[in-house]
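*Asks:* This is a predicted model, with the sequence first.
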Amino acid sequence: MNCGNVVFLRQDFWVTITNKQFNFLQHIASLLEIHGRAAVVVPDNVLFEGGAGKTIRRRLLQQFDLHTMLRLPMGIFYAGGVKANVLFFDKKPTRPNQPWIEKMWVYDFRTGRRFTLKQNPLTRVLLDDFVACYKPGEERATRGETERFKVFNFEELLARDKVNLDITWIRDSVLDGADSLVPPEVIAAKIVEDLQAAPRRFRDCGGAPERMPRRCRSPRRGDCY
C-alpha cells in the first residue's frame, strides 16, 4: 500500500496494490480473528474491477464466509452519485480444500430508490425489510428469497467473469421511459443540497477559491487586474 511517498509492503495482504478501497478491505480482513465478524462499506468498483480486484474477491470468497451484501441507494452520502455496498463476512477456522461460504445473499436496496440528505433522507424504518430478511441471530437456513433478496451459490459466484459481484436483477423503472424519469422536485432538491454543501467542501480542501479579478483592460489579451 502507498502512503504519500512511503510504500508499505503488507505480508498479510493478498495482493500489493495502491487502490485505497481494496487496501481498506484487505486491512479489515487481516484484522479479523477467528469467529470475528465484519460489515464493510465499499464502492461499486470493488465489486467488478479486474486484475488485483478479481484476486481479492476470489480470496474473500474462498477464505471468509461472505454471506450477505446490501446494495445501498444513491443520495445517502455527501458526495453526489456515490454507489456503495455493505459486505457482511465472518472469519472461520480453516477448512482445507473446503470454503466456508456456500451461499451469498444479496439485498437490492438501490433499484427504484431515491434519497437526498435533507428533503428525502434515509431513515431507519426504511431498512426494516432488509433486517427482516437478514434475520439477525437466526440460522441463515431460515432465510427466504423475496423480490429484493436473492441467494447465489458459491460455485456460481466464482464462475462469474472476473468474479464480478456487481449483481442486479430488478428492472429499474427510471430507465424504462420518459414517463418514469426522476421527478423535477427531486432533481431540484439535490441541486440545492449540492449548493449548500459547496462552502463546506471548499473548507475541507484547504480554503476558499482565490478572488477573481475585477476587470480586464484588454479582453483579447486577457490582461486583468
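*Replies:* Structure received.

*Asks:* List the beta-bridge partners for the most centrally placed residue in the chain.
*Replies:* Centroid-nearest residue in the chain, with C-alpha atoms, centre = their mean: Ala84, separated by 2.0 Å. Judged by DSSP bridges, the bridge partners of Ala84 are Pro43.

*Asks:* cool, the one 5 residues further on as well?
*Replies:* Taking DSSP bridges, one finds Ala38, Leu66 as the beta-bridge partners of Phe89.

*Asks:* OK, contacts around it?
*Replies:* Ala29, Arg37, Ala38, Val40, Leu60, Phe64, Asp65, Leu66, His67 (C-beta atoms under 8 Å, 6 or more residues apart in numbering). The way it works is simple: take the backbone N, C-alpha and C, and place the C-beta from them, glycine included.

*Asks:* how much space is there between Leu70 and Glu147?
*Replies:* Applying C-beta to C-beta, to the nearest Å, the value for Leu70 to Glu147 is 15 Å.

*Asks:* More neighbours: which of the two?
*Replies:* Counted by other C-beta atoms under 10 Å, Leu70 and Glu147 do not tie: Leu70 has more neighbours, with 22 against 10.

*Asks:* which SS class is that one?
*Replies:* strand (DSSP: H, G, I helix; E, B strand; the rest coil).

*Asks:* How many neighbouring residues does the residue lying closest to it once chain neighbours are set aside have?
*Replies:* Distances taken as C-beta to C-beta, 6 or more residues apart in numbering put Val86 closest to Leu70, at 4.2 Å, once the chain neighbours are dropped. Val86 has 17 neighbours, counted by other C-beta under 10 Å.

*Asks:* what about Val86, which SS state?
*Replies:* strand.

*Asks:* Show me the helices in this protein, by range?
*Replies:* When assigned using DSSP state H, the helices of the chain occupy the ranges 20-31, 45-48, 52-63, 128-134, 154-159, 184-204.

*Asks:* so who does the residue nearest to Arg58 when sequence neighbours are not counted touch?
*Replies:* Leaving aside its sequence neighbours, Arg58 sits nearest to Val163 (C-beta to C-beta, 6+ apart; 5.0 Å). Under the criterion of C-beta under 8 Å, 6+ apart, the neighbours of Val163 are Lys54, Arg57, Arg58, Leu61, Leu157.

*Asks:* close enough to count as contact, Arg59 and Trp14?
*Replies:* Yes: counting by C-beta atoms under 8 Å, Arg59 touches Trp14, with 4.6 Å between them.

*Asks:* higher neighbour count, these two?
*Replies:* For Arg59 versus Trp14, neighbours defined as other C-beta under 10 Å are more numerous around Trp14 (19 against 16).

*Asks:* Quickly note the distance from the more buried one to Thr94.
*Replies:* Separation of Trp14 from Thr94 (C-beta to C-beta) stands at 15 Å.

*Asks:* Grab the nearest non-local neighbour of Ile76.
*Replies:* Leu122 (4.8 Å).
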